[in-house]
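K.L.:
any chance you can model this:
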Amino acid sequence: SNPGMIDELLDSLLIGRLPDLESLEESLAELTRNAEDQEPILHSFKASQHLRIGVRDILGKDDIRATHAELSDVAEVCLRKIAEMETARLIEKRGEPQVGELAGLAASDSQPTSYLQWHPGRERVGTPSELIVLALGKLGGREPNYHSDLDLVFLYEADGHTVAVRRSTAEPTTNNHFFSELGQRIIKRMTEFGPHGRLYEVDPRLRPTGRNGSLAVSLPGFVRYFHDGTAQLWERLALCKARVIVGQGPAAERALEAITSAIYCQPWQPSDAEEILAMRLKLEESASVRNLKRGPGGTMDTEFLVQMLQLKHGAAMPNVRIPGTLAALNALERAGILATDDAATLTRAYRLQRSVEARIRLMDSAGRHEFPAEDRELAKLAYLMGEANPARLAQEVFDTCGQVRRIFGRVVSR
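P.N.:
This is a model prediction of the structure:
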């Protein structure tokens, strides 16, 4: 479709390894420098990087973990660039958000002392309040696939008001309004379908305020939501894959501490395992047995098991608090929480299932997680997997799903 991308195709065959996050940021910064219309540049950047990643993936030059990490880095770089552009534009319109006082920085019934640590402090009052974006789900674990949605939560340092900068005619507003509008602008830029297609699908529904609430939440408000008993178990489970992708310095550090505080604000209860099992089976009800994500023994079994063990043991064992599924399996095995044989089986299964999913998406299949039922589609998939016998590939995949389901059932009911 794009003959002009032949150079990128050749690059993918010649380069020794894919660029790291810093190199990608430098490359995009150079491409967008002084450009009035940056939208086509962003789409071209993503397309060229995905071509490189996809070709190396098909040729077996990178394993699935490296492929996922690179897809994550590309999405993260695009999101940061859009956040940077939209922040500058909104400051011109609304002014710059400032850190405000928080209940006089003294404890009260409505603002207990435990939340004050999440406010930047008196010395920061009147200084700029930063945007913080959390990645959850596959992006949080640095393991998205081709065309994966981006699960995002928009936070900001502290409440307050905006202040006009320079001689701007900006109309001041609250920080909550500013950052909620900023989140909407970022999502629109990421998801709108234009002449170059859609950059990414963004899902902000995991935010504490729910689907109909404010898009952005202050850091103190985020912690308060989890500590006051409002949050549900599945929300704390989802935070096990959270990481900061927009925000830096002290703001990012406080956000990471806030995530940990939110996850482990309630002690583990035996009933939590029963609830997590019920959640998993509920998601399975609407899936076919060929669904490699939600079907029996699919990738969700491994992900739910990992996050459940992190929720159960992470308060006492900080070394298992790792967003990525494969890295977390390794950490749980090293900590003695997961048996070596189980960890090895789950790791092998997860790599295989995610590799198959990646190639199904490269086939442009309508069912992104559905293992092919038709012989022709199965033959295509086997070819991309480097397997000469399609039936053998199918047998291996479904045997693997059976192994995962048995481990999942045993560990969750332990």
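
K.L.:
show the subsequent helix or strand relative to the longest helix along the chain.
P.N.:
As assigned by DSSP state H, the longest helix anywhere in the chain is helix 64-94. Proceeding N to C from helix 64-94, the next assigned helix or strand is strand 96-97, under DSSP states H and E.

K.L.:
what segments of the stretch 301-414 of the chain are helices?
P.N.:
Along the stretch 301-414 of the chain, counting by DSSP state H, counting those that start in this stretch, helices occupy 325-334, 340-362, 375-384, 390-412.

K.L.:
could I get those as CSV with mean pLDDT and mean neighbour count?
P.N.:
Where you see a C-beta, it was placed from the backbone N, CA and C, and this is true even at glycine. Compiled in CSV, the helices of the stretch 301-414 of the chain are given as follows (pLDDT from 0 to 100; neighbours: other Cβ atoms under 10 Å):
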stretch, mean pLDDT, mean neighbour count
helix 325-334, 97, 21
helix 340-362, 95, 19
helix 375-384, 94, 16
helix 390-412, 96, 17
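
K.L.:
tabulate these in TSV, adding columns for distance to residue 20.
P.N.:
Shown next, in TSV, are those (distance: least, Cβ to Cβ, whole Å):
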stretch	distance to residue 20
helix 325-334	17
helix 340-362	20
helix 375-384	26
helix 390-412	31
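
K.L.:
and residue 24, which of those is closest to it?
P.N.:
Closest approach to residue 24 among the helices of the stretch 301-414 of the chain (Cβ to Cβ): helix 340-362, 19.6 Å.

K.L.:
in contact with residue 256, which residues?
P.N.:
The contact partners of residue 256, taken as Cβ atoms under 8 Å, 6 or more residues apart in numbering, are 243-244.

K.L.:
shaky segments in the stretch 51-200 of the chain?
P.N.:
Residue ranges of the stretch 51-200 of the chain with pLDDT under 70: 102-116.

K.L.:
please enumerate the helices of it.
P.N.:
Assigned helices in the stretch 51-200 of the chain, in chain order: 64-94, 137-140, 175-191 (criterion: DSSP H, counting those that start in this stretch).

K.L.:
pick the most buried one from those helices.
P.N.:
helix 137-140 (a mean of 25; mean count of other Cβ atoms under 10 Å).

K.L.:
may I have it exported as PDB, CA atoms only?
P.N.:
Extracted as PDB, the C-alpha positions of helix 137-140 are listed here (Å, rounded to 0.1, in the frame of the first residue of the first chain):
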ATOM      1  CA  GLY A 137      -3.300  -3.700  30.900                       C
ATOM      2  CA  LYS A 138      -1.000  -4.800  28.100                       C
ATOM      3  CA  LEU A 139       0.600  -1.400  27.700                       C
ATOM      4  CA  GLY A 140       1.300  -1.200  31.500                       C
END
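
K.L.:
kind regards, and thank you for your time.
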